[in-house]
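**Q** Below are the sequence and a predicted model for it; my questions follow.
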Amino acid sequence: MSVSVKVYTAQEQANLTLVEAMYHDVLKPLDSTHVDRYIAPDYVQHSPLADNGSQPLKDFLDFIKGESPNAVHNVKRLFADGDHVIAHTHVIRYPGDAGLAVVDIYRIENNLIAEHWDVIQEIDPAVANAASMF
């Protein structure tokens, strides 16, 4: 059996570092004050949860912080492929919450996040399959 190991280009590694820093500075603390360091002003949002642009994202983060001030984003995996970075995260909205399994896909342009897609699945503690979602 042949095993292939992905070697990232310098740009892919820079993209991974950008997204990882964005989670650290923006999403984990739900801190909208750092959005402009990571998100393009004309950011395209494909998620139905927020509108396009960096200001709607700031407004959404402020709303979520008010609704779920103890929310936690546990990044499980980050992958890069060209100008895209994929994150697999476990979002816990409040203490005792089973949470959400989330896959975020980011497109990077000019060292800023220019576009975002997400897939979100509620975690049901009563599952038929014992394999973890993470």
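**A** Right, received. Where do you want to start? Since the model is a prediction, treat every value here as computed from it, not as a measurement. Numbers count the residues shown, from 1 in each chain.
**Q** what about the spatially most central residue of the chain, which SS state?
**A** With distances taken as Cα atoms, centre = their mean, the residue of the chain nearest its centroid is residue 104 (4.7 Å). Secondary structure assignment for residue 104 (DSSP: H, G, I helix; E, B strand; the rest coil): strand.
**Q** Correct me if wrong: it contacts residue 79.
**A** No: with contacts defined as Cβ atoms under 8 Å, residue 104 does not count as touching residue 79, sitting 11.0 Å away. For the C-beta atoms, the positions are set from N, CA and C on the backbone; glycine is no exception.
**Q** which neighbours do the two share?
**A** Listed as contacting both residue 104 and residue 79 by Cβ atoms under 8 Å, 6 or more residues apart in numbering are residue 86.
**Q** Adjacent strands (with direction) for the host helix or strand of residue 40?
**A** For residue 40, the host element (DSSP states H and E) is strand 39-45. Paired neighbours of strand 39-45 in the sheet (DSSP bridges): strand 112-122 (parallel).
**Q** Before I go, just wanted to say thanks for your time.
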